[in-house]
Each structure stands twice: as C-alpha cells, then as structure tokens.
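Chemist: What would the 3D arrangement of this be:
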Amino acid sequence: MGNTLKKLGEAELEIMQVIWDNENPVTSNYILKELQERRKWQLSTLMTSLSRLADKGFISCDRSTGRNLYTPVIPENEYKTRASKHFLEKLYNNSIQNMITALYSNKEIKSSDIQELRNFLDRLEDE
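Modeler: Below is the predicted model:
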C-alpha cells in the first residue's frame with residue numbers, strides 16, 4: 001500500500017472480507033453467493049468491483065486455471081491497522097483518548113466496554 005492509504009468503499013470492504021476470510025483463492029461466484037444476503041448484485045456488478053479492487057492493488061486474479069481465482073494482496077491486518085491509524089489521525093487528532101472520550105460522552109460505549117478495555121490494557125502490560 002506504500003505510504004498512501006487506498007480507501008475501500010463499503011461494498012469493496014464487504015468483498016475483501018469474503019476474500020480475507022478464506023485461506024484459498026475464491027471465485028467470483030463464491031463471492032457473489034457469500035454476499036447475496038447483503039447485496040442483490042448481478043455477476044457483472046461484482047466483476048466491476050473486483051476489477052477496481054485489482055486496479056487499487058488489493059487483490060490479484062489468477063486466470064491460469066481457466067477460471068478467475070481471487071487472492072488478497074494486502075493482508076487484512078495491514079489494511080485495518082492503516083485504516084484505523086488514518087481514521088484516528090483525521091477525526092481525533094491522533095488521540096485514542098479523544099476518541100474514547102467522544103464515544104463515552106455520547107453514550108456510544110458503556111461502562112462495561114471501558115472495563116473490557118481496562119482488562120485488555122492490563123493484560124498487555126503483564127506480557
């Protein structure tokens with residue numbers, strides 16, 4: 001991804017999630033089937049999105065078997081880490097505390113979420 005974070009749209013992220021969730025390369029028909037609950041797409045619509053994802057460098061397409069097999073080029077963790085960092089910088093001046101404060105004061109997170117976070121941070125310190 002270089003230094004520039006290429007953004008995924010909502011639909012592209014759903015497609016990537018299907019690809020990331022599989023250890024093996026997947027076909028467009030498999031992706032279409034996995035997304036049928038959320039997206040009422042024709043195969044042509046999906047193919048356009050897959051082409052865009054390949055152009056952005058997120059996936060590669062292996063055509064050597066006679067059918068298109070899609071694999072991720074960008075690992076899920078790498079994308080999510082960079083997207084989270086970008087989000088934090090853009091909306092919260094790169095401060096996790098600012099983000100938690102905003103969510104907590106707007107009742108988007110509960111005290112139990114704060115306790116869960118506290119426990120997680122304690123475990124990190126113990127390691």
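Chemist: element containing His86?
Modeler: helix 76-92 (DSSP states H and E).
Chemist: How about Gly66?
Modeler: Going by DSSP H and E, Gly66 is not in any helix or strand.
Chemist: hang on, the earlier thing: would you mind identifying the next helix or strand past the helix holding His86?
Modeler: Defined by DSSP H and E, the subsequent element after helix 76-92 is helix 96-105.
Chemist: list the helices and strands the helix holding His86 packs on?
Modeler: Packing partners of helix 76-92 (3 or more CB pairs under 8 Å, 6 or more residues apart in numbering; DSSP states H and E): helix 10-20, helix 96-105. Yep, even glycine has a C-beta here, placed from its N, CA and C like the rest.
Chemist: which outside residues touch the shortest one?
Modeler: What it means is helix 96-105. Contacts to helix 96-105, defined as CB atoms under 8 Å, 6 or more residues apart in numbering, come from residues 88, 91-92, 108-109, 114, 117.
Chemist: What number of residues are in the vicinity of Asn119?
Modeler: Residues contacting Asn119 under the criterion other CB atoms under 10 Å number 10.
Chemist: count of neighbours near Met99?
Modeler: Around Met99 there are 16 residues (other CB under 10 Å).
Chemist: and it, how far is that from Tyr79?
Modeler: 19 Å (CB to CB, to the nearest Å).
Chemist: How about Ile19?
Modeler: From Ile19 to Tyr79 the distance is 11 Å (CB to CB).
Chemist: again, but for Val26
Modeler: For Val26, the distance to Tyr79 - CB to CB - is 17 Å.
Chemist: Equivalent analysis for Lys110, please.
Modeler: 28 Å.
Chemist: Compare the two and say which is more crowded by neighbours.
Modeler: Tyr79 (20 against 11).
Chemist: And the more buried one, what's its pLDDT?
Modeler: Model confidence at Tyr79, given as pLDDT, is 93.
Chemist: unless I'm mixing things up, it is touching Gln17, no?
Modeler: No - using CB atoms under 8 Å as the test, Tyr79 is too far from Gln17 to be in contact (10.4 Å).
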